[in-house]
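Predicted model and sequence follow; I will ask about them next.
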Amino acid sequence: MTRTGRSGNHRGKKKRITLALAPVAALGLAVPLMYSAGAATPDEVATDCRTDSDKLANCEFVDVQFKDNSLGPNERVTSVTDNCGSTTAATKSFSGTASVTRVVQLEDGFSVDGSTTLGNSFFEIGVKFSTQEINIKRDDTTSSFSFTRSDTVKADHVAYFMWSHKRTDVSGFLRATYKDAQDGQTVFFSPSEGATAVHVFYPQLLPSGSPDGRLWLRNVQCDTAQANGTFLSEEEADAEPGFGEGGENVTDVEVPLSDVDITVE
């Protein structure tokens, strides 16, 4: 009777040991499975393409859709002229410079220049969208113009010129081909195949080669929040509202580029 009881207890211990080892064994199997699932993620693809990683055989931008005449950021391009406290309008001289360059906006917010393999792809796509009707800047060099003109500053206002360039927005995704297969494949996408999250903004140019866009004189009532905002840093000023969007204390008047004495630089 005693032997039977001992053997029963012994078997019970074996079962407990087996059950205790089972999760450990399962965990050991999970580790290699996790490593084998190491396919390139969309973020990794974007980073590898942006940095021209040695792991890549090629990386290209695949266009899906486009939009002409999209407007770029609202930029202040002259200094602020002060006519505060005056009861009459005044004619003031303004001098400014506006510049544009091709901008590539990846999903992670980084840009890509022409020194990468991916940069060449952006140039080739640009060729596709440059036509006789709409001439675009395909490379990542800068085009700019300067101007000087006189305009009216309203009584008790500050004034300055704003600029927003015209651009062709081509959107699509990245297709990366890796030298070595990962999970049995070499081609991966960012953010996904057929997506439109990657944008390439090609500035549109006039026949003269000068950037095309909207130029306007902005008058702002003195002693208002908007006027105080005109003396912020240049970085903060770039967040200014667009044409006609400044509110009741702001008056915007568009100046056709054909009426401006422009010097192409």
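Great, that's in hand. Residues are numbered from 1 along each chain as shown.

Could you pull up the residues touching Met162?
Asn74, Glu75, Arg76, Val77, Leu215, Trp216, Leu217, Arg218, Glu240, Phe243, Asp252 (CB atoms under 8 Å, 6 or more residues apart in numbering). C-betas here are computed from N, CA, C, even on glycine.

Could you check which helix or strand contains it?
strand 157-182 (DSSP states H and E).

what does Ala57 give?
Using DSSP H and E, Ala57 sits in strand 56-71.

Show me what secondary structure element comes after that strand.
Remark: after strand 56-71, the chain's next helix or strand is strand 75-76, criterion DSSP H and E.

next one: that following strand to chain centre, how far?
In terms of CA atoms, centre = their mean, to the nearest Å, the gap separating the centre of strand 75-76 from the centre of its chain is 18 Å.

just checking, what packs against it?
With contacts taken as 3 or more CB pairs under 8 Å, 6 or more residues apart in numbering; DSSP states H and E, strand 75-76 sits against strand 157-182, helix 234-237.

what does the helix or strand that that strand is followed by contact?
Using DSSP H and E, the helix or strand that follows strand 75-76 in sequence is strand 81-82. Strand 81-82 is contacted from outside by Lys92, Phe94, Val153, Val158, Ala159, Tyr160, Cys222, using CB under 8 Å, 6+ apart.

Please convert the contacts of Met162 to TSV, extending it with distance to Pro203.
What follows is the contacts of Met162, written out as TSV (distance: CB to CB, whole Å):
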residue	distance to Pro203
Asn74	15
Glu75	13
Arg76	18
Val77	15
Leu215	14
Trp216	18
Leu217	22
Arg218	22
Glu240	20
Phe243	18
Asp252	22
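
Lowest-confidence member of those residues, which is it?
Checking pLDDT across the contacts of Met162, the minimum falls on Glu240 at 85.

ok, that one touching Pro73?
No - contact criterion CB atoms under 8 Å: Glu240 and Pro73 do not qualify, at 9.2 Å.

OK, contacts around Phe201?
Shown in contact with Phe201 (CB under 8 Å, 6+ apart): Ser70, Gly72, Arg102, Val103, Val104, Gln105, Arg167, Thr168, Asp169, Val170.

Quick check: which element contains the residue nearest to the fourth one when sequence neighbours are not counted?
Leaving aside its chain neighbours, Val103 sits nearest to Phe201 (4.4 Å; criterion: CB to CB, 6 or more residues apart in numbering). Under DSSP H and E, the secondary-structure element containing Phe201 is strand 198-205.

Tell me what angle that strand forms with strand 56-71.
50 degrees (axes from the mean of the first three to the mean of the last three CA atoms, to 10 degrees).

Okay then, goodbye and thanks.
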